[in-house]
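Enquirer: Okay, predicted coordinates and the sequence, questions at the end:
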Amino acid sequence: MSIHLLHRHVLEDHISGFETDPNPNHLSVIRRPVIFSVLARAGHEAEVAEALWNAEDVAPRLCGPYEWLAVSRTVGAETVEAMLSEIANASVIDQSDGRVLMEISGPGVRKILAGCVAVDLHPEVFEEGRSATMLCCHAAANIARTGKDTFEIIVPRSLAGSVFEALMEMGREHALTRGFAD
Amino acid sequence: MTSYRLGSGGAINRGQSLSFTFDGRTYKGFEGDTLASALLANDQMLMARSFKYHRPRGVVTAGSAEPNALMTIGSGARAEPNARATVVELYNGLAATSQNRWPSLKRDFGAVNDLFSPFLGAGFYYKTFMWPGVFWEKLYEPLIRRAAGLGKIAMQADPDRYEKSWAHCDLLVIGAGPAGLMATLAAGRAGVRVILADEGFRFGGSLLSESAAVGGRPAAEFAAEVVEELASLPNVTLMPRTTVFGWYDDMVFGAVERVQKHVASPSPDLPMERLWRIVAKQAILAAGAEERPIVFGGNDKPGVMTAGAARTYLNRYGVAVGGKVAIFTNGGSGYRTAADLVAQGVDVTAIIDARPQSADPVPESIRVIHNGSVIATKGRHRIEGLIAERSGLEEVIGCDALAMSGGWSPIVHLMCQRGAKPVWSDEKQAFLAPDVGSAFAAAGAAAGRASLSECLKDGAAKAHAALDALGRLVGSIDIPEVEGEYDPAFAPLWYVPGARDKAFVDFQNDVHVGDLGLAQREGFRHIEHTKRYTTAGMATDQGKLGNVNTAAIVAGMRGVSPAEIGTTTFRPFYTPVSFGALAGAARAERAAPVKTSPLHGWARKNGAAFVESGLWYRSAWFPREGEKTWRESVDREVLNVRANAGLCDVSTLGKIEIFGRGAAEFLDRIYSNGFLKLPVGRARYGLMLREDGIVFDDGTASRLSENHFVMTTTTAYAAEVLTHLEFSAQTFWPELDVRFVSSTDQWAQMSLAGPKARIIMSRVVQDDISDAAFPFLAAREVTLRGGLKARLFRISFSGELAYELAVPAGYGEAVADAVMDAGHEEEICAYGVEALNVLRIEKGHITHSELDGRTTADDVGLGRMMAMQKPDFIGKRLSTRFGLTAADRLQLVGLKPIEADKDIKAGAHLLKDGAKPSLANDQGFVSSACFSPTLGHFIALAMLKSGRERIGERIMVWDGLRGSEVPCEVCPPVFVDPENSKLHL
Amino acid sequence: MASLITCPHCGTRPKEEFSIRGAAAPKRPSPTAKDEAWHRYVYVRDNPKGRYEEYWHHEAGCRRFLVVERDNLTHEVFGVTDAAEFKRGGAAE
Amino acid sequence: MRYSAYSIFKEALSGNRMWKPAWREPQPKPHYDVIIVGGGGHGLATAYYLAKEFGITNVAVLEKGYLGSGNVGRNTTIIRSNYLLEGNNPFYEFSLKLWEGLERDFNYNAMVSQRGILNLFHSDGQRDAHARKGNGMRIHGVDAELLDREQVRRKAPYLNFDHARFPIMGALYQKRAGTVRHDAVAWGYGRGADARGVDLIQHCEVTGIRRENGLVVGVETTRGFIGCNKLALAAAGNTTTVGRMADLELPIETHVLQAFVSEGLKPVVDHVITYGAGHFYISQSDKGGLVFGAEIDFYSSYAQRGNLQTVEHTMEEGVSLIPGLSRAKVLRSWGGVMDMSMDGSPIIDRTPIDNLYLNCGWCYGGFKATPASGFCFAHLIAKNETHHVSRFMRLDRFERGYTIDEAGRGPQPNLH
């Protein structure tokens, strides 16, 4: 027999019904991003970081002094894995199924996120390109500012439903809409 | 007409009439009114009853310090008890109900307490109600409880939403009065991030009640202009209806915003209240000052209020608090109130001034009685007159309201919440804010500044200092001129001797001067003792009005300065905050986040009943048609696993990837047993101890490559184990080359167990998984038919031939479906954690029911896993202590009932056969028990004193709690396949 | 301290992100140290009133163990260092 | 002066002017048989029982603040004896029995109110653990009942039965548990001790312990040197500070625990209730305030104040358990300084110094222990031998491997 490999996104149970047009404040869930954990050996943090920042098609997200998430929305897991395994003194492991990537954007995004995270996301404090792991709606999430009013949120798969619901709850006042993005 | 609405004036919208009810009667007010101002406008002065003596009460204040006018707002699930009418913003349809009275506010039976008050002095209850013993709980206490308390809560779920949010700023300004507005303006213009929070619904503070002119305009107009400018600045956030209730470490302020408390029909998209945690670099407390009541006989009659309150009702709300108002003062506030009243055509009957003389301007034709005092008041539900005294002569003066001013106390509460005590000032006759460092300063009246112009100036100055500290000072702003301000200077006046009636210091709790004296006489002299003994300052206003008077009166009784008495401790909350606001959205089903297993959908599809397991929901059993109890389903699942095969979701087990050249060495130190020689492609069961030698958790570690392991933990301890690894690696052995990352979420993991497991698994996996190629404890990456990479482990919790298959989470459901299809002919079933638990008890495998944080490896029969020859592992050294190796420790055994139809429950204790239940005879307890469908009777795992030597002994399983005694035989803890033959099939 | 900790890797973070392990001063003895040393390490605490070094785990952030040096009476924070950088004051136990 | 309904009546007729002080304010004498450091609940109870039960009255209690200024005046007033382990259970039951007769014993109404405690459970595992504890209580003759969900609902219908994240399965119920008016305990013991000749010396801080030939001879204080034959420490959160003066090495870490009271409400919560899916516990005082708390703040602290996050967490648990609390308002929060021991259980023992006695490690459970703690400590001081119910509460139990780890969390004090 051959297994019919149907892939299910954990938020499919949360996002159902008709898709509506996105409002100015919108939460989109990226269906199949590629996400790898990258861990540098002690003493090799800088070189691993440099290699990650130079890697093509991959956006590095800072988790800790020797740990990153390498995120790609454009290329497949094999490509990313091949690329990352070239990096010396780094351990990599595929977390694409273990993490959920959401993107939230719009003029109300900071007000919405202020209900979810304690970190000051003022653009002069948390600049574009910055990323960090922080508590977001009771889950350790990696949050990156990818635009003036756009943030990427990466959360563990098991908690994604709760985080998603909490984000939508905080977004009610701001007419936040949501949907999958491929 | 006593109190009434003026024909014009006030910051109310006379074009917008609002209808509301109080105790069922309908009234009209205006937009901009508080409930209190609207009631006064309707001549409703009687608003409440006091706590102890049930005395009739009206408003004393026009603000958040109100001790008397507490009401219940709304009804049913939305009822809010103990709301202060003085700060409740009026809205159409508001329904208010008076409290703590029966049958009605006017006729309250509880007022009988007032007649008995000589017997009910401070602390009377400590001295009686002791005889006979049972009477306290049966009679006295229920009576006291029924009489005590204030408002009622409905005890229904709240229909509204609550939210929490964080805010960050360079400068937080608390209070939007003259000082706060000027501070915000100065900082706002300098471009720093400012938050201005005020508890009221309209910014302006005392400017709204002020008859002076600021910058050539009426004060209220000036305030409105400043607010307009602030609203236009993008770096300024205005937060009305927001009370900053607490100052916490690191300049974190807690605040609550009443988002929709004033709205007739709340929007479901907005919270009712929102909790703010405001992180500020600098903060200015501009909360103003509280006017002190004067403590004189009968000072609690409805209609007696502070002069400032009377002025606020007049100027801000256009309400005259009486038709004939008397003034009792010791400073300028009384005179300004008289002048404002006269200007609005209100009759002022007399100004009684405790001072021998005064320089305050007296309105024309108003009589001033210097050196005078009020010693009693007349009337019951409202003041009808007062007895003034001067030089031993008494005079009755008619009035329907009495405005009193005993001086001012700066509101320093927040600055004293972190340990610093306020500082007494002889000059100001007040407690002033302590120095709490350069990041938090008081400004304006809160800093003891008296006049309006000083407050405006001080607000700007404190903002300049804050800007300087931030490195953002660019210049100073102009201070507007004030015309027609009064001098609020006052002379100390703590209480008036010769009172004919009780002279209250704490209105709500009915604490009067006599109580304070009694406390001193009885030795409760420390101010904290005085407070606790008399309950002064313990009411819902937390002594905002009374505490300074209390301290000064006690000082007077003791002949010392108030500085020596000091204040009681200031603690959050500045004003009471709802549970709802502090809890936010975390309630009901959302009390905690939910963790979803990747196989949740698969389990649901197969009809699982779910059970909470930490934050997870795990599939507990899979009922089939015709099965009436959970036991029927579980028994079937167990038997089917033992006979055929079953599939169970084990995704919730913790999974930790461990990398590095030091990984093996690291695991060798973490586990009590050896891991150095674990070959690649193999798994090993491991035991982790705490440093005190007690078992911490168990699980497996598999070596996927030379320098890459994956560890599994129990579901419950997944997070703690990862933390334990990190702690050990980072603080004990930083030199080891080892890194971790959790991969729990990456994998859907399923356990396929049963004698037919291999045949089923081989239909799913491409690789050779024959016993030779993939023996017991094999662990490695495999490829599924269809091409998916997966991890396969041959480990077993059930005691059967078993595999754990881990696939990327998104494919979990598809693969589980495929396994079920592949096993269709073998009659595979889904099984849940209940069946898993039965399987493991039958096999004698331990869980945290046995590993309860007090057991050693040897206690649970795993002494052989203590590799004492290793130089070091966590827990090694303390594991050999006498108490941990004593012969009489509880040891793991099995139990079988002597009579096969008897059931055993976990939590039962063990007694020697024939012994009476007593602590001395207690031999241990049942840790896990279940019905074993394999054996056809109940079985149990138990921890029994010296248990391993007692195999074969008859013992009593004693469950007094549930009324059963079951004789059992002690047996080895492995009930099924003790030879492990099934594992190696 | 008690509200915000400035993590050397992640910046200023709320207490919610941390779990607190306890005194950082006691050093794990060598495997061959005397029983007395092991007992003291596991059970005896200096518990000073005032300056105090304590392990805080940045659980919801970088997952590093930090040593927070602070005053446990005033709650003033003097410094936060990564556990790997932490130098114990005084003689080793 | 004996307190009674008659005394209240009589004094009222004379304008309440003749009441006598509850205790004297004596000057310290140069020397006492016994000095007790700490005028909190345990210290005062110890003095009371020393005088009453063991006839030792030449005793001083030294208190750096005012009497009862420590945890006896800042707790959630719960008394109970629902303990699991042999090291704890008989001790707390002894304490509960003393509470039951206390008021008539010391002629002070401390409002002992046996309202019953419901320890809720929310899972099979918790039920089994509660059954084990309940059977352990019953086997020792302590009252305990295991209630199912419906029995709990009948007692406390306002709990969250229908929309709970962690549904209530049942409760372990101890009917004899309840609450006591906390300040009155300190005052009752203080007054009783004073009447028997004990000197209660307030505002007297111990700054040093003077030793000669290996024995304590007295203490240096802010009011001068005071000599003694025996020195007894009952200093709770400040135990380490005082113990250090005698070079004691202690298994104690000091932590802060917050507690809360709501505005006065008409009676709604009749029992003491603890939440099994969190740490929240609540009761309602006779005055109408809901008195409640939850977890410690987790960091070492000597400050009597806490953290906003802990406040929020407490309220989250409160509203999750009792949805109807949402619109009630919290009036005040405060913090108590806890002497957390390394196994979560107390120490009543001798020390390496022969005439120095130690009473500490009460964690956040010291209030309910007050009578037994005082009694057993007095017994130890007077007879130089351990009372049998406190025989496991030894200082050397850590070294010997006989910890009393009720929570099973090991040597990390903030987990107990």
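Expert: Perfect, thanks for sending it. Numbers count the residues shown, from 1 in each chain, chains lettered A, B, ... in the order given.
Enquirer: Dihedrals phi and psi, the spatially most central residue of chain A?
Expert: By C-alpha atoms, centre = their mean, chain A has its centre lying nearest to A:I154, at 2.9 Å. The phi/psi pair for A:I154 (degrees, to the nearest 10) reads phi -120, psi 120.
Enquirer: Confidence-wise, which helix or strand of chain B is lowest on average?
Expert: The least trusted helix or strand in chain B, going by mean pLDDT, DSSP states H and E, turns out to be helix B:133-135, with a mean of 76.
Enquirer: which ones are touching the closest residue to chain B within chain A?
Expert: For chain A and chain B, the shortest gap (C-beta to the nearest C-beta) falls at A:G98, measuring 3.2 Å. To be clear about C-beta, it is placed using only N, CA and C from the backbone, and glycine gets the same treatment. Contacts for A:G98 (C-beta atoms under 8 Å, 6 or more residues apart in numbering or on different chains) come out as A:I35, A:P156, A:R157, B:S743, B:T744, B:D745, B:Q746, B:W747, B:A809.
Enquirer: between those residues, which is closest to B:M305?
Expert: Nearest to B:M305 among the contacts of A:G98, counting by C-beta to C-beta, is A:P156 at 58.0 Å.
Enquirer: thought the closest one was touching A:N142?
Expert: No - counting by C-beta atoms under 8 Å, A:P156 stays clear of A:N142, with 10.1 Å between them.
Enquirer: Mind checking which of the two has more residues around it?
Expert: A:N142 (23 against 20; other C-beta atoms under 10 Å in any protein chain shown).
Enquirer: what's the more buried one sitting at in phi/psi?
Expert: phi -100, psi 120.
Enquirer: ditto for D:N119
Expert: phi -90, psi 100.
Enquirer: thinking it is in contact with D:G276, fair?
Expert: Yes - here D:N119 reaches D:G276: they are 6.8 Å apart, a contact under C-beta under 8 Å.
Enquirer: Could you confirm whether any residue of the host helix or strand of D:T310 contacts chain C?
Expert: According to DSSP states H and E, D:T310 maps onto helix D:308-321. Yes - using C-beta under 8 Å from any C-beta of the partner chain, helix D:308-321 reaches chain C at D:L308, D:Q309.
Enquirer: Wondering if that helix reaches chain B at all.
Expert: Yes - interface with chain B: helix D:308-321 contributes D:L308, D:V311, D:E312, D:T314, D:M315, D:E316, D:E317, D:G318, D:V319, D:S320 (C-beta under 8 Å from any C-beta).
Enquirer: What helices and strands are in contact with that helix?
Expert: In terms of contacts (3 or more C-beta pairs under 8 Å, 6 or more residues apart in numbering or on different chains; DSSP states H and E), helix D:308-321 is packed against strand B:242-248, strand B:252-257, helix B:579-583, strand D:252-264, strand D:289-300.
Enquirer: That helix vs strand D:252-264, what angle?
Expert: Following axes from the mean of the first three to the mean of the last three C-alpha atoms, to 10 degrees, one obtains 50 degrees for the angle between helix D:308-321 and strand D:252-264.
Enquirer: is the helix or strand that helix D:308-321 is followed by up against chain B anywhere?
Expert: Where DSSP H and E defines the elements, the next helix or strand beyond helix D:308-321 is strand D:329-341. Yes - using C-beta under 8 Å from any C-beta, strand D:329-341 reaches chain B at D:K329, D:V330, D:L331, D:R332, D:S333, D:W334.
Enquirer: Going by distance to chain A, which of those residues wins?
Expert: Closest to chain A out of those is D:S333 (20.6 Å), distances taken as C-beta to the nearest C-beta.
Enquirer: so who does the most centrally placed residue in chain B touch?
Expert: Centroid-nearest residue in chain B, with C-alpha atoms, centre = their mean: B:L582, separated by 5.5 Å. Taking C-beta under 8 Å, 6+ apart, we find B:L582 in contact with B:V256, B:L275, D:V311, D:E312, D:T314, D:M315, D:E316, D:V330.
Enquirer: Assign the residue nearest the centre of chain D to helix, strand or coil.
Expert: Nearest residue to the geometric centre of chain D (C-alpha atoms, centre = their mean): D:F367, 1.4 Å. Here D:F367 is recorded as helix under DSSP: H, G, I helix; E, B strand; the rest coil.
Enquirer: the inter-axis angle of the helix or strand hosting C:V42 versus strand D:252-264?
Expert: Assigned by DSSP H and E, C:V42 falls within helix C:35-43. On the basis of the same axes, to 10 degrees, helix C:35-43 is oriented at 20 degrees to strand D:252-264.
Enquirer: The next helix or strand after helix C:35-43 near chain A at all?
Expert: Per DSSP H and E, helix C:35-43 leads on to strand C:51-57 as the next helix or strand towards the C-terminus. No - with C-beta under 8 Å from any C-beta as the criterion, chain A is not reached by strand C:51-57; the gap is at least 11.9 Å.
Enquirer: now could you export just the CA positions of whichever helix or strand comes after strand C:51-57 as PDB?
Expert: Beyond strand C:51-57 on the C-terminal side, the first helix or strand identified by DSSP H and E is strand C:65-71. The C-alpha atoms that make up strand C:65-71 are tabulated as PDB, following Å, rounded to 0.1, in the frame of the first residue of the first chain:
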ATOM      1  CA  PHE C  65      19.600  30.600  32.900                       C
ATOM      2  CA  LEU C  66      20.300  34.100  34.100                       C
ATOM      3  CA  VAL C  67      21.800  35.200  37.400                       C
ATOM      4  CA  VAL C  68      19.800  38.100  38.700                       C
ATOM      5  CA  GLU C  69      21.600  40.100  41.300                       C
ATOM      6  CA  ARG C  70      19.200  42.200  43.300                       C
ATOM      7  CA  ASP C  71      18.200  43.400  46.700                       C
END
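Enquirer: domains for chain A, by residue range?
Expert: Structural domains assigned to chain A are A:12-31+A:98-180, A:34-97, following automatic domain parsing.
Enquirer: Pipe these into TSV and attach mean pLDDT per row.
Expert: Output for the domains of chain A, formatted as TSV (pLDDT from 0 to 100):
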stretch	mean pLDDT
domain A:12-31+A:98-180	96
domain A:34-97	97
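Enquirer: ok, back up a step: the closest residue to the residue of chain A closest to chain B other than its chain neighbours - how many residues pack around it?
Expert: In this structure, A:G98 finds its nearest non-sequential neighbour in B:Q746, 3.2 Å apart by C-beta to C-beta, 6 or more residues apart in numbering or on different chains. Using other C-beta under 10 Å, B:Q746 has 28 neighbouring residues.
Enquirer: D:F280 versus the nearest residue to C:G22 once chain neighbours are set aside, what's the distance?
Expert: With C-beta to C-beta, 6+ apart as the criterion, C:G22 has its nearest non-adjacent residue at 5.7 Å, and that residue is D:Q412. D:Q412 sits 22 Å away from D:F280, going by C-beta to C-beta, to the nearest Å.
Enquirer: now B:E454
Expert: Between B:E454 and D:F280 the distance is 47 Å, computed by C-beta to C-beta.
Enquirer: Show me the helices in the stretch 101-250 of chain D, by range?
Expert: Listed in chain order, the helices of the stretch 101-250 of chain D (DSSP state H, counting those that start in this stretch) span D:124-139, D:149-155, D:182-195, D:239-244.
Enquirer: With mean pLDDT and distance to B:E627 as added columns, please give the ones you listed in TSV.
Expert: TSV is the format used below for the helices of the stretch 101-250 of chain D (pLDDT from 0 to 100; distance: least, C-beta to C-beta, whole Å):
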stretch	mean pLDDT	distance to B:E627
helix D:124-139	97	19
helix D:149-155	98	22
helix D:182-195	97	53
helix D:239-244	96	58
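Enquirer: tell me the contacts of the residue of chain C found nearest chain A?
Expert: Residue of chain C nearest chain A, by C-beta to the nearest C-beta: C:C62 (3.2 Å). Listed by C-beta under 8 Å, 6+ apart, the contact set of C:C62 reads A:C63, A:G64, A:P65, A:E67, A:T133, C:C7, C:H9, C:C10.
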